[in-house]
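Asker: what follows is a predicted protein model with its sequence.
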Amino acid sequence: MPTTFEKREKEKKRLEKARAKESKTAQRKLEKANRVVDPNGEDPDIAGVIPGPQPINW
């Protein structure tokens, strides 16, 4: 039974999606390797935040 046009198109799309996913994964891995790490080991996103209720800035 010959493969239909739709099946070939579906397979092409599946392969394209797999390649794109692989590319994104490699890019994230590269970004993670190049990320700047604070020498104190503190996350820069939460630096200076104290647990609990925060003071009002009025």
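Answerer: Now that the structure is in, tell me what you want to look at. Residues are numbered from 1 along each chain as shown.

Asker: so which residue is smack in the middle of the protein?
Answerer: residue 28 (5.3 Å; C-alpha atoms, centre = their mean).

Asker: for residue 18, see how far away that one is.
Answerer: As judged by C-beta to C-beta, to the nearest Å, residue 28 and residue 18 stand 16 Å apart. Where C-beta positions appear, they are placed from N, C-alpha and C, glycine not excepted.

Asker: neighbours around residue 37, how many?
Answerer: Neighbour count of residue 37, defined by other C-beta atoms under 10 Å: 9.

Asker: look at it and give its secondary structure.
Answerer: Secondary structure, DSSP: H, G, I helix; E, B strand; the rest coil: residue 37 is coil.

Asker: which pLDDT value does the model give it?
Answerer: If you check residue 37, the pLDDT there is 70.

Asker: now swap in residue 15 and tell me
Answerer: 98.

Asker: which regions of the protein lie under the pLDDT threshold?
Answerer: By pLDDT under 70, the low-scoring segments of the chain are 1, 38.

Asker: do a quick rundown of the helices in it.
Answerer: Under the criterion DSSP state H, helices of the chain are mapped to 5-33.

Asker: what's the burial count for residue 58?
Answerer: When neighbours are counted by other C-beta under 10 Å, residue 58 comes out with 3.

Asker: please disregard the earlier target; I meant residue 56.
Answerer: 5.

Asker: what's it sitting at in phi/psi?
Answerer: Reported as degrees, to the nearest 10, the phi and psi values for residue 56 are phi -80, psi 130.

Asker: so how far is residue 35 from it?
Answerer: Distance from residue 56 to residue 35, by C-beta to C-beta: 34 Å.

Asker: ok, now residue 22?
Answerer: Applying C-beta to C-beta to residue 22 and residue 35 gives a distance of 21 Å.

Asker: more neighbours: those two, which one.
Answerer: Comparing residue 22 with residue 35 by other C-beta under 10 Å, the one with more neighbours is residue 22, at 10 against 7.

Asker: how about the more buried one, what does it touch?
Answerer: Listed by C-beta atoms under 8 Å, 6 or more residues apart in numbering, residue 22 has no contact partners.
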